[in-house]
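In: kindly return the folded structure for what I paste below:
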Amino acid sequence: MFGQPKEDMRVADYVLGLMDAEEATFFEREMRRDPALAARVADWRERIARMDEVEPDTPHAQMRRRIEDGLRRRGDNIIALPTAFRERTETRPELSGWPIVGAACFAVGILFGGFCVWLLFV
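Out: Numbers count the residues shown, from 1 in each chain. Purely as a prediction, here's the structure:
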C-alpha cells in the first residue's frame, strides 16, 4: 500500500468497508459522476475477490503431527490455555543478575570519576 496515490487508498477503504455511512454515501455519489473512479473500484473488488480464491496454506500431515507432538511433550494446551496468555509464576533466572551488574557498573563509574577528579587536583 505504500507509494499508492491517496485516491487509491480511498478506493481501498470503500471496497473493504472501512468508511462510515456518510463517507460511503459521498463516495458513491462521486463514483456515479466519475467513471475512472468507478473503474478503480471495480479493479479493487477484483483484487480482493482473487484473494478469496487462494487456498490457505496448511501444514503437511507429518509437519502437523510434529507440531502437535511438541505441544503435547511440553504439556501445552493451546486451545484451553494459550501460553501467550498464561500468567508467569516462576522467576526469570536469566535476568536475576542484572541488578548486581548494574550496581557494580555504577560503583566503578563513581570510583573512576573520583579518581579523575583526584588527578585534576593533585
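
In: tell me the pLDDT of residue 54.
Out: Looking at residue 54, its pLDDT is 69.

In: show me where this structure dips below the pLDDT cut-off.
Out: 1-4, 54-59, 71-96 (pLDDT under 70).

In: and the one helix or strand residue 112 maps to, what other elements does it pack with?
Out: Residue 112 is located in helix 98-121, with elements delineated by DSSP states H and E. Of the remaining helices and strands, none touches helix 98-121 by 3 or more CB pairs under 8 Å, 6 or more residues apart in numbering; DSSP states H and E. For every residue, glycine as well, the C-beta is placed using N, CA and C.

In: alpha carbons of it, in PDB - could you do that?
Out: Output in PDB follows, covering the C-alpha atoms of helix 98-121 (Å, rounded to 0.1, in the frame of the first residue of the first chain):
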ATOM      1  CA  TRP A  98      21.400  -7.700  36.000                       C
ATOM      2  CA  PRO A  99      20.700  -5.500  39.100                       C
ATOM      3  CA  ILE A 100      24.000  -6.700  40.600                       C
ATOM      4  CA  VAL A 101      25.800  -6.000  37.300                       C
ATOM      5  CA  GLY A 102      24.200  -2.600  37.100                       C
ATOM      6  CA  ALA A 103      25.100  -1.700  40.700                       C
ATOM      7  CA  ALA A 104      28.700  -2.800  40.100                       C
ATOM      8  CA  CYS A 105      29.000  -0.700  36.900                       C
ATOM      9  CA  PHE A 106      27.600   2.300  38.800                       C
ATOM     10  CA  ALA A 107      30.200   1.800  41.600                       C
ATOM     11  CA  VAL A 108      33.000   1.500  39.100                       C
ATOM     12  CA  GLY A 109      31.800   4.700  37.400                       C
ATOM     13  CA  ILE A 110      31.800   6.600  40.700                       C
ATOM     14  CA  LEU A 111      35.300   5.300  41.600                       C
ATOM     15  CA  PHE A 112      36.600   6.200  38.200                       C
ATOM     16  CA  GLY A 113      35.100   9.700  38.300                       C
ATOM     17  CA  GLY A 114      36.500  10.200  41.800                       C
ATOM     18  CA  PHE A 115      40.000   9.100  40.600                       C
ATOM     19  CA  CYS A 116      39.800  11.500  37.600                       C
ATOM     20  CA  VAL A 117      38.800  14.400  39.900                       C
ATOM     21  CA  TRP A 118      41.700  13.400  42.300                       C
ATOM     22  CA  LEU A 119      44.200  13.500  39.300                       C
ATOM     23  CA  LEU A 120      43.000  17.000  38.400                       C
ATOM     24  CA  PHE A 121      43.700  18.400  41.900                       C
END
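
In: thanks a lot, catch you later.
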